[in-house]
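Student: Quick one: sequence and predicted model below, then my questions.
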Amino acid sequence: MTQTSDAWHPSDRELERRAVRRSLRRRSLLVASAATVAFFGLVWLGTVSSPGWPRVKSTFFSWHSAKDSFPSIWHAFWTYNVRLFLIAEVLILVLALTIAVLRQSRAPVLLPLRIVAVVYTDLFRGIPTILLVFMLAFGVPALNLRGLTNSLFFWGLVALVLSYGAYVAEVIRAGIESVHPSQIASADALGLTRFQAMRHVVVPQGVRRVIPPLLNDFVSLQKDTALVGAAGLFDALFAAQDYANYHFNFTPYTLVAGYFIVLTIPLARLTDHLQHRAMERERQGAR
Amino acid sequence: MSEPLLEVTDLRKSYGDKVVLADIDLTVDPHDVICLIGSSGSGKSTLLRCLNLLEEIDDGVIRFGGREISDPRVDRRAVRRDIGMVFQAYNLFPHLTVLDNCTLAPRRVHGVPKAEAEQRARDLLEQFGLADQAEKHPDRMSGGQQQRAALVRALCTRPTLLLLDEITAALDPELVGDVLRIVRDLAEQGTTMILATHEMAFAREVASTVCFLDEGRVCEQGVPEQIFSDPTQERTRRFLARVLP
């Protein structure tokens, strides 16, 4: 009396078990909600009941100032911060990947480049990004070289790319080194060149492993676009400062913070999703 | 007769629409050695994973030590304390030495003092011919050594039931013998085991019950003499004709 899969009906025990699972789930949902409400309620209460709250509210959370400064900050944010990091992210990835792969190269001819790669990471990781922005944005134009642009945007971009390229190169290198040597062995055994092995086997695996720290660096980069504002680029933070200085109200700062957050969250969710999908596809037992 | 150690009734497991196990009934008494045989994809590994609750089942009941462990309210970790498992790919922790691999669970889960846990591990390692490997890291050892170390790791917690999931499938023939010898010793010492295996000669020699799985169902089960010499099912006959020399 074998049943076919169509004929199967859950047994009473299974139905009972499902009910138990449901009630367990309900209970954990309840606990989670209660804990969340209690936690944030307390934080909220603690903030609102502090003696200086009315003052903070009017200087940092003024609806009027928010509305008033919104257009100018929005404009500065889009034209400078967003453009800066969109361009920088692509360049950084290319630069960092090249540096990381160069450091792994074994060809004797490439030794000088390997040295450059090591010196570059050591040097540029060590210099505070804001100093790099100042040095390039003020220093290069002061050279009075013909044919070189004096654009603040351009040199700010270069500074960010150089600084973050060094960080990201190290992150990618960590990913590459985490790939088990047996993978290189099997690529070698298939007759792939060292570069092909890197390109098709090692780098894809290594990069996937370091996506969370890479995202970390990119989020950090998005925020550091504001450093170019310190050199005089009229970015969102500068615009906010401008407004704050005229109106004695800090609400634009809150607004800028909001912009940055809104920008990073979708990116974080997207990478989470991509990673989860890759995991489900490749690994048994992953849920 | 005393109560069975493990009792599976009407177990069913599916991944989405794909039914991988259906109507599985299995009874394991203390000191039994159950060999699960069948082609790849017949559900042997999934069944083992269901037994120590690595997979959630879709229907049926699993009773272990007189208690239903398929109940969602059961503490899975408490169940797994008493069930040892060895995997096909060894699954040793590569960042720990063999000794640390073997003492991790006894110390952290079972609360055995360090000295005692290490003594226990060293005794077993010696018994399995690995005395000189204790301080090595797993990836430095051969496959046979790794699998024996994995067996030691499972035994260090003194489980009442041992699940072995095709533990010789990744080994070359020369090393298979070493590992099987150990499993045979364990069987003689009365260890209760359920093992998924492709080693028919071994199953015939060691098993108290052989269980032939086909497309997620128990097609036939019985004592090895009967299954191997006089199978009642056509499918069993066909499978054995393919795998026996």
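Tutor: Yep, it's here.

Student: okay, CA-based contacts and neighbour counts for the rest of this
Tutor: Fine.

Student: Farthest out from the centre of chain B, which residue is that? Tell me.
Tutor: Ranking residues of chain B by C-alpha distance from their mean position (Cα atoms, centre = their mean) puts B:Ala115 at the top, at 28.0 Å.

Student: pLDDT wise, what is it at?
Tutor: B:Ala115 carries a pLDDT value of 96.

Student: just how off-centre is the helix or strand hosting it within its chain?
Tutor: According to DSSP states H and E, B:Ala115 maps onto helix B:114-127. Offset of helix B:114-127 from its chain centre (Cα atoms, centre = their mean, to the nearest Å): 22 Å.

Student: May I see the buried residues of the helix ranked longest in chain B?
Tutor: Taking DSSP state H as the criterion, chain B has its longest helix at helix B:173-188. By neighbour count on 16 or more other Cα atoms under 10 Å in any protein chain shown, the buried set for helix B:173-188 is B:Leu175, B:Val176, B:Asp178, B:Val179, B:Leu180, B:Ile182, B:Val183, B:Arg184, B:Leu186, B:Ala187.

Student: try stretch A:146-161
Tutor: A:Asn150, A:Leu152, A:Phe153, A:Trp155, A:Gly156, A:Leu157, A:Val158, A:Ala159, A:Leu160, A:Val161.

Student: swap in stretch A:120-128?
Tutor: Applying 16+ other Cα under 10 Å to stretch A:120-128 flags A:Tyr120, A:Thr121, A:Phe124, A:Arg125 as buried.

Student: which residue packs closest to B:Gln133, ignoring adjacent ones?
Tutor: B:Val98 (7.0 Å; Cα to Cα, 6 or more residues apart in numbering or on different chains).

Student: ok, that neighbour - how many residues close by?
Tutor: Using other Cα atoms under 10 Å in any protein chain shown, B:Val98 has 28 other residues around it.

Student: Equivalent analysis for A:Ile184, please.
Tutor: 17.

Student: What's the per-residue pLDDT of it here?
Tutor: 89.

Student: can I assume it is in contact with A:Val203?
Tutor: No. The pair A:Ile184 / A:Val203 is not scored as a contact, 10.8 Å apart, by Cα atoms under 8 Å.

Student: what packs against the helix or strand harbouring A:Asp242?
Tutor: In the assignment (DSSP H and E), A:Asp242 maps to helix A:236-247. Applying 3 or more Cα pairs under 8 Å, 6 or more residues apart in numbering or on different chains; DSSP states H and E, one finds that helix A:236-247 contacts helix A:63-76, helix A:226-230, helix A:251-282.

Student: So which of those is nearest chain B?
Tutor: helix A:251-282 (13.3 Å; Cα to the nearest Cα).

Student: mean confidence for that closest one?
Tutor: 86.

Student: tell me, which of the buried residues of stretch A:120-128 make contact with chain B?
Tutor: Applying Cα under 8 Å from any Cα of the partner chain, the subset of the buried residues of stretch A:120-128 adjacent to chain B is empty.

Student: Need the distance between the two termini of stretch A:146-160.
Tutor: 23 Å (Cα to Cα, to the nearest Å).

Student: In a helix, A:Gly191, correct?
Tutor: No. Counting by DSSP: H, G, I helix; E, B strand; the rest coil, A:Gly191 falls outside a helix, being coil.

Student: For B:His198, give me the backbone phi and psi.
Tutor: phi -110, psi 0 (degrees, to the nearest 10).

Student: show me what contacts whatever residue of chain B ends up closest to chain A?
Tutor: Residue of chain B nearest chain A, by Cα to the nearest Cα: B:Asp59 (5.3 Å). Counting by Cα atoms under 8 Å, 6 or more residues apart in numbering or on different chains, B:Asp59 makes contact with A:Pro10, A:Ser11, A:Arg13, A:Glu14, B:Asp10, B:Leu11, B:Arg12, B:Lys13.

Student: what is it paired to in the beta sheet?
Tutor: With DSSP bridges as the criterion, B:Asp59 is bridged to B:Arg12.

Student: got the contact list for the worst-scoring helix or strand of chain B on mean pLDDT?
Tutor: Between all helices and strands in chain B, the lowest mean by mean pLDDT, DSSP states H and E belongs to helix B:173-188, at a mean of 88. Residues outside helix B:173-188 that contact it (Cα under 8 Å, 6+ apart): B:His31, B:Val33, B:Phe128, B:Gly143, B:Gly144, B:Gln147, B:Arg148, B:Thr168, B:Met193, B:Phe202, B:Val206.

Student: What is the neighbour count of A:Leu267?
Tutor: 14.

Student: Show me what secondary structure element comes after the host helix or strand of A:Ala100.
Tutor: For A:Ala100, the host element (DSSP H and E) is helix A:83-104. Elements were assigned by DSSP H and E; along the chain past helix A:83-104, the next helix or strand is helix A:111-126.

Student: Spatially nearest residue to A:Ala239 (excluding sequence neighbours)?
Tutor: A:Ile73 (5.7 Å).

Student: Please name the residues that touch that neighbour.
Tutor: With Cα under 8 Å, 6+ apart, A:Ile73 has these contacts: A:Asp235, A:Ala236, A:Leu237, A:Ala239, A:Ala240, A:Pro252, A:Val256.

Student: residues near B:Gly111, how many?
Tutor: B:Gly111, neighbours per other Cα under 10 Å, totals 11.

Student: Now do the SS call for it.
Tutor: Going by three-state DSSP: B:Gly111 is coil.

Student: List the buried residues for stretch A:233-245?
Tutor: A:Leu233, A:Phe234, A:Asp235, A:Ala236, A:Leu237, A:Phe238, A:Ala239, A:Ala240, A:Gln241, A:Asp242, A:Tyr243, A:Ala244.

Student: still on that earlier bit, relative to helix B:114-127, how tilted is the least confident helix or strand of chain B?
Tutor: Counting by axes from the mean of the first three to the mean of the last three Cα atoms, to 10 degrees, helix B:173-188 lies at 120 degrees to helix B:114-127.
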